[in-house]
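> What shape does this take:
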Amino acid sequence: MQELPDDEDPLRPKDDDIDPKPDDEDLTGSTEARRMCGGISPMTEWRWRHSETVGFPQPDFVIDGRNYWYKRTIRRFLARHANNKLRRRADDRQTISTKETGASQ
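Presented below is the predicted three-dimensional model:
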């Protein structure tokens, strides 16, 4: 499957596609950010931040060694992550369909 640039990818959410929330400008610390991501552990957060494939955002601010993100930053990550998961499922279905079609001939 050919990769499209982010600005041309129809499945990639655009900034204005994500419904703004009243608290988007609020800063959240690591504990709340991990909760927003499904209750991941501190170690998982660290791995995601240091992984080139996951794409977890670096903190918007580091204050006294503590990480802070705007809530919108975490929401955008989650939206991109969900779209990537849907894309992988669609690719998997296409691969399975292709194999079944080829096997039945």
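> quick one: the helices in the chain?
30-36, 42-50, 71-104 (DSSP state H).
> Please name every helix or strand in contact with the first one.
Same thing as helix 30-36. Under the contact criterion of 3 or more Cβ pairs under 8 Å, 6 or more residues apart in numbering; DSSP states H and E, helix 30-36 touches helix 42-50, strand 66-70, helix 71-104. To be clear about C-beta, it is placed using only N, CA and C from the backbone, and glycine gets the same treatment.
> same thing but 10 Å
Judged by 3 or more Cβ pairs under 10 Å, 6 or more residues apart in numbering; DSSP states H and E, helix 30-36 is in contact with strand 27-29, helix 42-50, strand 66-70, helix 71-104.
> Run through who's touching that helix.
26-28, 40-42, 44-46, 48-49, 56-57, 59, 66-69, 71, 73-75, 77-78 (Cβ atoms under 10 Å, 6 or more residues apart in numbering).
> Select only the buried ones of these in ChimeraX?
Only the buried entries of the contacts of helix 30-36 go into this ChimeraX selection, using 16 or more other Cβ atoms under 10 Å:
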select :27,28,40,45,48,56,59,67,68,69,71,73,74,75,77
